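K.L.:
Here is the input, now give the coordinates:
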Amino acid sequence: MVRYQSSPLNEQGSDCSGFFALSSRVKSGYERLVDPARLKRATRRVLSRTLWATLLIVACTQRKKPPAPETTPTAAVFSVGNASNGASPPSGASSRPTSATAPGLTASPTSPPSLLRLAGAQQPAVKHVVLLSVDGLAPRFLEMLLEQGKAPHFAALQKQAAWTHNARTDKTYTITLPNHTSMVTGLPVSPTRKHGVHFAHGWTENTDPEPRDNLHRYRVPAGSYTASMFDVAHDNGLRTAMFASKTKFSLYAQTYNDAGGPDTVGPDNGRQKIDTVVIDVTPSTMVDSFIAQLQSNPPALSFVHFNQPDGTGHGVGWGSPAYLTAVQQMDALLGKIIAALQTPQFSGNAALIVTADHGGVELHHGDQSDMRNFQIPFYVWAPGVAPGDAYRVFKNRFSPGNENPSYDEEKQPLRNGDAGNIAMALLGLGTIPGSVIHSAGLQLE
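P.N.:
Numbers count the residues shown, from 1 in each chain. Below is the predicted model:
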């Protein structure tokens with residue numbers, strides 16, 4: 001099912017919808033002003049290919065940097081099959097009193113060998129995984145709200161999830177579509193010296209795709225299929241869904257439904273890899289639709305996207321009072337999803353991954369060298385995953401201090417690009433074909 005929704009925004013509503021609509025229009029105007037998509041098609045193609053060639057030359061000639069130093073920044077109740085055990089906060093986290101009480105939370109080139117190992121090997125940890133991306137969620141501002149007791153659902157999640165507020169975006173881009181594409185494919189945006197040009201997804205634009213655009217057209221060699229987590233789940237006979245609140249996410253429907261590849265795993269489940277696609281620019285109604293789907297015909301794999309607080313950040317600034325209000329609104333929606341996953345039908349059989357595509361500074365987030373842009377949160381809540389510092393749970397991931405290491409570095413941080421393969425592992429499936437971002441050694445109790 002494909003459904004595109006654009007719900008009218010209530011400017012008088014208590015959920016700040018009218019303000020969010022205004023900030024989204026401001027952001028849209030900004031993107032139209034500066035985005036290369038406004039250039040003529042032919043000119044854009046030339047610029048894109050020139051940039052791609054430049055990146056490839058740089059990737060193949062850059063020298064390796066020494067590993068970055070380590071540090072991490074945080075803390076706060078619900079159950080999913082592992083009771084709260086009073087786990088200590090991640091190293092470097094600030095101690096704080098528990099926040100306000102939360103609700104009763106009781107095929108492309110050959111793929112490298114899988115590095116992600118779960119206890120029980122082939123056995124799925126859960127039957128349902130929700131991957132939630134909170135667009136533009138900067139950890140430093142989430143921390144402010146946690147300290148004030150104003151983000152109760154994130155606070156509750158910290159008691160039961162493996163988490164860090166010192167995860168990383170892609171190395172070369174800190175914008176929305178390139179980073180979400182890394183999440184679903186397990187690929188860096190740009191070529192790296194270590195992995196080469198064949199192991200990068202190459203999507204660098206950040207506006208609504210043209211009608212025939214898809215990720216496969218940007219791969220090297222041209223036309224190579226860009227596999228995703230949707231392919232893996234669907235081809236193994238599992239239901240998939242995407243609920244997003246930006247229209248540009250139609251890119252994934254165009255790539256994996258309109259141009260999906262053949263199913264070569266067991267029975268033929270067809271080329272349309274995303275069973276349900278809902279795009280609704282109002283996060284609250286989008287979440288209502290998602291919860292209705294969970295209650296009626298729950299997907300095994302759900303990709304959910306909140307367009308806030310990013311829209312408000314572009315409108316009036318990251319860290320502004322309105323931005324903080326938007327984060328609180330997203331915390332409330334997170335609480336709705338958690339509550340839905342706490343119902344008896346999901347008891348002990350659901351997992352939630354929460355991350356972001358970038359942070360932000362003032363009105364923007366495009367400078368990939370600024371830590372305030374590339375530092376993001378990362379949470380994994382699942383049965384058997386020990387709560388606390390995620391860098392203690394993922395044995396091949398290392399806290400990056402204040403740096404964003406290149407993909408060529410031996411010690412890698414948790415990145416949002418890890419999310420897709422973590423979701424696959426929790427479902428008991430193999431890694432995404434052709435992917436190179438694998439979080440190895442996730443320990444299950």
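K.L.:
ok but residue 183 is inside a strand, no?
P.N.:
No: per DSSP: H, G, I helix; E, B strand; the rest coil, residue 183 lies outside any strand segment and is helix.
K.L.:
in which helix or strand would I find the closest residue to it other than its chain neighbours?
P.N.:
In space, residue 183 comes closest to residue 419 once its chain neighbours are excluded; the distance is 4.7 Å by C-beta to C-beta, 6 or more residues apart in numbering. Just so you know, the C-beta spots here come from the backbone N, C-alpha and C atoms, and that holds for glycine as well. Per DSSP states H and E: residue 419 is located in helix 419-426.
K.L.:
and that helix, C-alpha only, in PDB?
P.N.:
As requested, C-alpha coordinates have been extracted for helix 419-426 and formatted as PDB (Å, rounded to 0.1, in the frame of the first residue of the first chain):
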ATOM      1  CA  ALA A 419      21.100   1.200  12.000                       C
ATOM      2  CA  GLY A 420      20.000  -0.900   9.000                       C
ATOM      3  CA  ASN A 421      22.300  -3.900   9.700                       C
ATOM      4  CA  ILE A 422      21.400  -3.800  13.400                       C
ATOM      5  CA  ALA A 423      17.800  -4.000  12.500                       C
ATOM      6  CA  MET A 424      18.600  -7.000  10.200                       C
ATOM      7  CA  ALA A 425      20.500  -8.800  13.000                       C
ATOM      8  CA  LEU A 426      17.700  -8.300  15.500                       C
END
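K.L.:
List the contacts of it.
P.N.:
116-118, 124-126, 129, 131, 133, 183-186, 228-229, 232-233, 301, 351, 353, 355, 378, 380, 382, 430-432, 435, 437-439, 442 (C-beta atoms under 8 Å, 6 or more residues apart in numbering).
K.L.:
And residue 290, how far from residue 337?
P.N.:
7 Å (C-beta to C-beta, to the nearest Å).
K.L.:
Now do the shared contacts for the two.
P.N.:
Common neighbours of residue 290 and residue 337 (C-beta under 8 Å, 6+ apart) are residue 304.
K.L.:
So between these two, which is more surrounded?
P.N.:
residue 290 (25 against 21; other C-beta atoms under 10 Å).
K.L.:
what separates that one from residue 253, distance-wise?
P.N.:
16 Å.
K.L.:
go on, residue 425?
P.N.:
25 Å.
K.L.:
burial of residue 336, as a residue count?
P.N.:
So residue 336, with other C-beta under 10 Å, has 16 neighbours.
K.L.:
need the contact list for it.
P.N.:
287, 291.
K.L.:
Can you tell me the SS state at it?
P.N.:
Three-state call for residue 336 (three-state DSSP): helix.
K.L.:
for the one 4 residues further on, same thing?
P.N.:
Classification of residue 340 using three-state DSSP returns helix.
K.L.:
Now do the contacts for it.
P.N.:
Contacts here follow C-beta under 8 Å, 6+ apart; on that basis residue 340 touches 291, 294, 295, 346.
K.L.:
quick one: it and residue 132, what's the gap?
P.N.:
12 Å.
K.L.:
For residue 280, grab phi and psi.
P.N.:
When read as degrees, to the nearest 10, the backbone of residue 280 gives phi -140, psi 120.
K.L.:
returning to that earlier point: what's around the residue nearest to residue 183, how many residues?
P.N.:
Using other C-beta under 10 Å as the criterion, residue 419 is surrounded by 29 other residues.
K.L.:
picking that back up, wait, which of the contacts of residue 340 is closest to residue 248?
P.N.:
Nearest to residue 248 among those is residue 291, at 23.6 Å by C-beta to C-beta.
K.L.:
my guess is the closest one contacts residue 335, does it?
P.N.:
No: counting by C-beta atoms under 8 Å, residue 291 sits too far from residue 335 to count as a contact (11.4 Å).
K.L.:
So which elements touch the helix or strand that contains residue 232?
P.N.:
Assessed by DSSP H and E, residue 232 sits inside helix 229-235. For helix 229-235, the packing partners by 3 or more C-beta pairs under 8 Å, 6 or more residues apart in numbering; DSSP states H and E come out as helix 176-185, strand 240-244, helix 250-256, strand 301-306, helix 419-426.
K.L.:
For the protein, which helix or strand comes out least confident on mean pLDDT?
P.N.:
helix 17-34 (a mean of 38; mean pLDDT, DSSP states H and E).
K.L.:
What residues of stretch 308-324 count as buried?
P.N.:
308-320, 322-324 (16 or more other C-beta atoms under 10 Å).
K.L.:
what sits against residue 236?
P.N.:
Residue 236 neighbours (C-beta under 8 Å, 6+ apart): 265, 266, 429.
K.L.:
In this structure the last one contacts residue 232, no?
P.N.:
In other words, residue 429. Yes: taking C-beta under 8 Å as the definition, residue 429 is a contact partner of residue 232 at 5.2 Å.
K.L.:
Grab the nearest non-local neighbour of residue 271.
P.N.:
residue 260 is the one closest to residue 271 (C-beta to C-beta, 6+ apart), at 3.9 Å.
K.L.:
before we move on, what about residue 213?
P.N.:
Leaving aside its chain neighbours, residue 213 sits nearest to residue 254 (6.3 Å; criterion: C-beta to C-beta, 6+ apart).
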